[in-house]
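Novice: return a 3D structure for these sequence lines:
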Amino acid sequence: MRTLVRFLIPLGLTCLAVAAPRHIVRFGAGMPVELFLGPSETKSEKIEVRGLYVDSRLRDFTTGEPHEVTDRLFTVRKAYRLNDSLPDDAKKIPRWRWQRGGWLLVDRGSGRVSTLNLPKFDAYYSGASWYRDYVAYCGVSDNGEKLYAVVAQIGAKKPVVLKEIGAAHAKEEPESQCAVPKWQRDPMQVTFEPAGAAPVSFLVQGRSADAAAPENAEATKD
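Specialist: Presented below is the predicted three-dimensional model:
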């Protein structure tokens, strides 16, 4: 009996160790930095940047609040420093400028930090809105001329919504092509409000979506 107890106690402790979280994920203290705006970068605004640490190791810099997807997964927006030095600058010292990037997916269980592939996401103009494991934003074409309504789901190969909703316009302000999309729970619906165009909504059903009729459709029909 004593032999059995001596065997079971270490085994039980081993099982608890396996079940316990293997990684510690945390954010560092906020640091105010300057974000330069527009093609000429003559304007700027203050944003807060925080380090993302996994087991005390700095994995990335982030900005904004994280979105909890599950009790294990969360997303957060990436921030990074870009060297603005010219080849002919006298001092060979990096001239760092902060930029906002795409979105990261963080797994607390495995400690993995990965970059989400969001189609047509523009780091300057796209303002993302999260709901569950879906993200909605206004995307911009590669040539900067077209504006798209995009809804993507984590783990899906194709976007749930990818529809052209107007023309893009070069503006100084970030996230100025359209307002940040708005989600509705029941029914699950997201509304896009592009600048200078009528709002457009989509009913999201799993990995598919349908255009929602405007609220004033009956009035317009009459």
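Novice: going forward, measure contacts and count neighbours with C-alpha atoms only.
Specialist: Fine.
Novice: any regions of the chain where pLDDT drops low?
Specialist: 1-21, 214-222 (pLDDT under 70).
Novice: 50 instead?
Specialist: Residue ranges of the chain with pLDDT under 50: 4-5, 7-9, 13, 15-18, 216-222.
Novice: what bridges to the residue nearest the centre of it?
Specialist: The residue lying closest to the centre of the chain (CA atoms, centre = their mean) is Trp103, at 3.5 Å. Beta-bridge pairing for Trp103 (DSSP bridges): Arg77.
Novice: check contacts around it.
Specialist: For Trp103, the contact set (CA atoms under 8 Å, 6 or more residues apart in numbering) comprises 75-78, 115-116.
Novice: what does Val200 give?
Specialist: Applying CA under 8 Å, 6+ apart, the residues near Val200 are 191-193, 211-212, 214.
Novice: name the member of those residues with the most neighbours.
Specialist: Using other CA atoms under 10 Å as the neighbour criterion, Phe192 leads the contacts of Val200 with 24 neighbours.
Novice: number of nearby residues for the residue lying closest to that one once chain neighbours are set aside?
Specialist: Nearest non-adjacent residue to Phe192, counting by CA to CA, 6 or more residues apart in numbering: Pro181, 4.9 Å away. For Pro181, the tally of surrounding residues (other CA under 10 Å) stands at 24.
Novice: ok, Pro181 to Val151 distance?
Specialist: Pro181 sits at a distance of 10 Å from Val151 (criterion: CA to CA, to the nearest Å).
Novice: what do these two both touch?
Specialist: Residues touching both Pro181 and Val151 comprise 136-137, with contact defined as CA under 8 Å, 6+ apart.
Novice: related to what we said a few turns ago, the residue nearest to Phe192 against Tyr131, yeah?
Specialist: No - here Pro181 lies out of contact with Tyr131, judged by CA atoms under 8 Å, at a distance of 10.6 Å.
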